[in-house]
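J.: Sequence first, then the predicted structure, then my questions.
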Amino acid sequence: MSPKKETVHRPLRRTEHEIVFGTTNASKGWTDVLAVQRNTVVEAWERLTKDPLSNDLTCHGMKGDLEFVTHKGATHRRRQYELSNGARIWFYVHDGTVVLIDVHTHHPNATK
């Protein structure tokens, strides 16, 4: 009898951030972008767990009307991680947790 196949999820170091879905759209978008950009999404996961708040060309705060997002009654600074082919991960960080609020498989119209 073979053992039941069960995924072993990567554990976090004590210094790393947990990543959670803040919306069902983010969960669906994550699944969709993972299907077409697996390696890039893995790089995003590694970056967001280790250092989601530093700014560079790939990961940065948003500006203008998109700078803040209200989620579950609280206002947060919205950040963006840029994947290839225009895909984007929008998130905020709260109490050591990266909360994914939107995952776009292509460049979102709101930032064009």
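T.: Received it, and whenever you're ready, just let me know what you need.
J.: all helices of this structure, in order?
T.: Using DSSP state H, the helices of the chain run over 24-36, 38-50.
J.: Relative to residue 12, which of those is closest?
T.: Among these, helix 38-50 comes nearest to residue 12, with 6.4 Å by CB to CB. Quick note: C-beta positions are derived from backbone N, CA and C, even for glycine.
J.: which secondary structure elements does that closest one contact?
T.: strand 18-21, helix 24-36, strand 79-82, strand 88-94 (3 or more CB pairs under 8 Å, 6 or more residues apart in numbering; DSSP states H and E).
J.: could I get these as CSV with distance to residue 65 and mean neighbour count?
T.: Formatted as CSV, the helices and strands packed on helix 38-50 follow (distance: least, CB to CB, whole Å; neighbours: other CB atoms under 10 Å):
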stretch, distance to residue 65, mean neighbour count
strand 18-21, 23, 14
helix 24-36, 19, 15
strand 79-82, 13, 20
strand 88-94, 13, 22
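J.: Quick one, which of the ones you listed gets closest to residue 63.
T.: Comparing the helices and strands packed on helix 38-50 by CB to CB, strand 79-82 comes nearest, at 9.8 Å.
J.: what are the pairing partners of the closest one, and which direction each?
T.: Sheet pairing here is set by DSSP bridges, and for strand 79-82 it gives strand 59-61 (antiparallel), strand 88-94 (antiparallel).
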